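Engineer: Test case, fold it:
(one chain, ligands or ions: 1)
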Amino acid sequence: MDEDRAAAFTGKVLADTAAASTIVMAALGDRLGLFKELAASGPATSGELSSRLGLSERYVREWLAGMFAAGYLTYDSQQRYALPVEHAPTLASEPGPAFFGGVHQELIGAIQRYDQVAAAFRDGGGVSPAELHPDVWTGTSRFTAQWHQNMLVQQWLPLVPETTAKIRAGARIADVGCGTGQALIALARSFPEVTCVGYDVHAPVVEQARRAATEAGVADRLSYQVLDATAGLPESFDVITTFDVVHDAIDPLGLLRSIREALRPDGRYLCLDINCSDRAADNVGPIASLLYGFSILYCMTTSQARPDSARCDEWTWTTRSTTSMNWPGDPGVLRRSAPEALHGSGWVLRAPSHVPS
Ligand SMILES: C[S@@+](CC[C@H](N)C(=O)[O-])C[C@H]1O[C@@H](n2cnc3c(N)ncnc32)[C@H](O)[C@@H]1O
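Structural biologist: Got it, this is the predicted structure:
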């Protein structure tokens with residue numbers, strides 16, 4: 001055994017373990033408003049911060065010390081802790097493009113079903129979406145809000161001029177796997193001529209989407225329906241979108257077929273999905289390990305819980321069972337299946353995902 005390599009690996013596991021502990025503290029800071037209060041009101045002692053937020057000083061003192069130890073906060077000679085201005089975009093500026101609070105909430109929510117996931121490793125099956133902790137859905141929504149509010153109209157649509165032209169002209173749009181509906185709200189706000197329907201198989205998020213559309217003042221042009229889109233869409237559309245959905249679907253090819261069948265002639269399909277490598281061996285580094293963790297806690301495992309999972313054809317089964325961020329086990333599934341399922345009438349945008357070196 002190479003002793004140096006072993007020692008280096010022990011160090012790596014220590015760092016990963018510390019990171020897990022740090023993220024538990026960071027998620028508490030997000031939930032309790034500690035980061036946002038430090039960002040808004042500046043440096044504070046534990047007494048000042050706890051009284052501003054109505055929290056226990058003893059807990060806040062421990063949290064501040066822990067966040068300082070992790071390098072998230074600074075500490076001065078007056079015993080005041082501060083959130084450096086450079087750290088605010090990641091921890092306090094919601095829904096900014098660097099904000100991580102939603103991801104932390106989603107992760108902590110998903111871990112609540114740890115026992116069931118472990119049991120599924122032994123006994124098969126999975127964890128149904130209805131059984132997930134509500135923080136999974138809220139965290140996901142807060143995470144993807146940064147795409148829909150900061151990137152969809154501003155950065156992604158300019159990359160797809162034909163789709164954008166249709167939207168501008170007043171397209172009938174469907175967002176499949178709409179979650180809490182943020183994408184369509186962003187489109188409806190920016191393009192007054194569009195009318196839209198969001199579909200999602202999970203009823204509670206559809207309810208949230210309806211409320212959000214009303215609050216955003218666009219409910220007259222937006223509706224949301226509970227629907228398993230694999231079974232087909234009830235009408236046809238000029239533009240259909242999926243944002244972070246296809247890799248979650250129990251039957252991805254079936255979902256793509258439904259989209260194909262519901263596209264009007266010359267309709268456009270806009271798909272955002274995870275830009276993992278075709279080969280599992282290439283999926284290394286922090287984003288890959290993060291996404292595999294989410295897959296085990298959510299993406300793959302919710303699919304495995306479905307009673308009809310056995311209906312999937314072997315090709316899909318292979319991809320799901322080896323998966324999943326979700327499909328590195330079967331090369332190029334999305335790239336291959338999209339043109340196949342869509343007969344070339346749609347096309348796929350794969351958002352670049354940056355893996356820090
Ligand atoms: C990761 S979430 C993304 C939600 C949303 N697109 C967003 O950007 O926030 C994936 C969503 O796809 C939905 N979904 C998965 N399979 C579906 C299906 N067959 N039909 C409809 N919705 C589906 C899930 O319920 C979940 O809300």
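Engineer: and residue 107, what does it touch?
Structural biologist: 23, 27, 139, 293-294, 297 (Cβ atoms under 8 Å, 6 or more residues apart in numbering). All C-beta spots, glycine's among them, are computed from the backbone N, C-alpha and C.
Engineer: Keep only those of the residues you listed that are in helices.
Structural biologist: When DSSP state H is applied, those are split such that 23, 27, 139, 293-294 fall in helices.
Engineer: in what helix or strand does whichever residue of the stretch 251-357 of the chain sits closest to the ligand lie?
Structural biologist: Relative to the ligand, the nearest point of the stretch 251-357 of the chain is residue 255 (5.4 Å; Cβ to the nearest ligand atom). Here residue 255 sits within helix 252-262, counting by DSSP states H and E.
Engineer: Touching, residue 106 and residue 134? I think so.
Structural biologist: No. If you go by Cβ atoms under 8 Å, residue 106 and residue 134 don't touch, sitting 10.8 Å apart.
Engineer: between these two, which one's more packed in?
Structural biologist: Between residue 106 and residue 134, residue 106 has the larger neighbour count (other Cβ atoms under 10 Å), namely 26 against 11.
Engineer: Without its sequence neighbours, what residue ends up closest to that one?
Structural biologist: Excluding its sequence neighbours, the residue lying closest to residue 106 (Cβ to Cβ, 6 or more residues apart in numbering) is residue 139, at 2.9 Å.
Engineer: go on, residue 306?
Structural biologist: Leaving aside its chain neighbours, residue 306 sits nearest to residue 250 (5.0 Å; criterion: Cβ to Cβ, 6+ apart).
Engineer: part of a strand, is the one you found?
Structural biologist: No. Looking at residue 250 with DSSP: H, G, I helix; E, B strand; the rest coil, it is coil, so not inside a strand.
Engineer: State the number of residues packed around it.
Structural biologist: Residue 250 has 21 nearby residues by other Cβ under 10 Å.
Engineer: Surely residue 169 is in contact with residue 191?
Structural biologist: No. The pair residue 169 / residue 191 is not scored as a contact, 9.2 Å apart, by Cβ under 8 Å.
Engineer: Between those two, which is the more surrounded one?
Structural biologist: residue 191 (19 against 11).
Engineer: Point out the residues in the chain that sit beside the ligand.
Structural biologist: 129, 140-141, 144, 176-179, 182-183, 199-202, 205, 228-230, 243-245, 248-249, 255 (Cβ under 6 Å from any ligand atom).
Engineer: quick one: contacts for residue 293?
Structural biologist: Contacts of residue 293 by Cβ under 8 Å, 6+ apart are residue 107.
Engineer: switch the cut-off to 7 Å
Structural biologist: Not one residue lies near residue 293 by Cβ atoms under 7 Å, 6 or more residues apart in numbering.
Engineer: same question, residue 76
Structural biologist: Contacts for residue 76 (Cβ under 7 Å, 6+ apart) come out as residue 43.
Engineer: do the same with residue 87
Structural biologist: Neighbours of residue 87 in contact, by Cβ under 7 Å, 6+ apart: residue 72.
Engineer: List the backbone torsions phi and psi for it.
Structural biologist: phi -90, psi -20 (degrees, to the nearest 10).
Engineer: Distance of residue 253 relative to residue 306?
Structural biologist: Distance of residue 253 to residue 306, given as Cβ to Cβ, to the nearest Å: 15 Å.
Engineer: ugh, wrong one, residue 175
Structural biologist: 21 Å.
Engineer: Those two: which is more packed in?
Structural biologist: A count of neighbours by other Cβ under 10 Å puts residue 175 above the other of residue 175 and residue 306, at 29 against 18.
Engineer: correct me, but the more buried one touches residue 245?
Structural biologist: No. Assessed by Cβ atoms under 7 Å, residue 175 is found out of contact with residue 245, at 8.9 Å.
Engineer: For residue 175, what is the enclosing helix or strand?
Structural biologist: Using DSSP H and E, residue 175 sits within strand 172-176.
Engineer: what helices or strands is that strand leaning on?
Structural biologist: Helices and strands touching strand 172-176, as assessed by 3 or more Cβ pairs under 7 Å, 6 or more residues apart in numbering; DSSP states H and E, comprise helix 182-190, strand 195-200, strand 237-243.
Engineer: Any chance of those in TSV with mean neighbour count and mean pLDDT as columns?
Structural biologist: Shown next, in TSV, are the helices and strands packed on strand 172-176 (neighbours: other Cβ atoms under 10 Å; pLDDT from 0 to 100):
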stretch	mean neighbour count	mean pLDDT
helix 182-190	23	97
strand 195-200	23	98
strand 237-243	25	94
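Engineer: Turn these into TSV, including distance to residue 61.
Structural biologist: Listed next are these as TSV, based on distance: least, Cβ to Cβ, whole Å:
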stretch	distance to residue 61
helix 182-190	37
strand 195-200	42
strand 237-243	41
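Engineer: out of those, nearest to residue 113?
Structural biologist: Nearest to residue 113 among the helices and strands packed on strand 172-176 is strand 195-200 (19.9 Å), distances taken as Cβ to Cβ.
Engineer: quick one: whatever helix or strand comes next after that closest one to chain centroid distance?
Structural biologist: Using DSSP H and E, the helix or strand that directly follows strand 195-200 along the chain is helix 203-215. Put simply, helix 203-215 sits 17 Å off its chain's centre (Cα atoms, centre = their mean, to the nearest Å).
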